[in-house]
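A.B. asks: this is a predicted model, with the sequence first.
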Amino acid sequence: MTPQNTKSSNRKRSENRYLFHWPVAIVFDSIEGQGTYHGRTNDVSLTGCSILTEHNVFSTQAVTVLLSLPSDHAGERRPVIEVKAAMVYTVLAAGAQKFRCGIHFLDFKGNGLAALDKVINERAVKVELGGF
């Protein structure tokens, strides 16, 4: 995998994002009338991800993201990490005919950050990018 260049004009990302397509759920904890929405990550870093979902969802309140990491061996149950997160944007991703939600990770439960870091380091191909 090569890092995806997702720099915006407003801020510089501190971590590379990688094109991992993992199952994910967004849980709206504090919003009455909203529940859980499922999708797949479009890209992932240690500080956030973008998610493709069939639903146009957004919250100004923190949400819980349940990220299903790949298992170490075929047939094993996928480990799930839980992280409190802020939704940064939701836009229509016309090419995918889904909505893309930008997620900024705030607080990992337990060893979630270490687990995510391990998976990224094991599965991502590191490529030096220069001259942009």
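C.D. replies: Ah, there it is.
A.B. asks: what ranges does this protein have for its helices?
C.D. replies: 112-123 (DSSP state H).
A.B. asks: flag the shaky bits of it, pLDDT-wise.
C.D. replies: Low-confidence regions of the chain, defined by pLDDT under 70, span residues 1-14, 30-33, 125-132.
A.B. asks: spit out the contact partners of the residue most central in space within it.
C.D. replies: Note on the chain: the residue nearest the mean C-alpha position is Cys49, at 2.8 Å, using CA atoms, centre = their mean. With contacts defined as CB atoms under 8 Å, 6 or more residues apart in numbering, the neighbours of Cys49 are 17, 24, 41-43, 65, 67, 103, 105. C-beta coordinates here come from the backbone N, C-alpha and C atoms, glycine included.
A.B. asks: for Val65, see how far away it is.
C.D. replies: Between Cys49 and Val65 the distance, using CB to CB, to the nearest Å, works out to 8 Å.
A.B. asks: next, show the common contact partners of the two.
C.D. replies: Common neighbours of Cys49 and Val65, counting by CB under 8 Å, 6+ apart, are 24, 103, 105.
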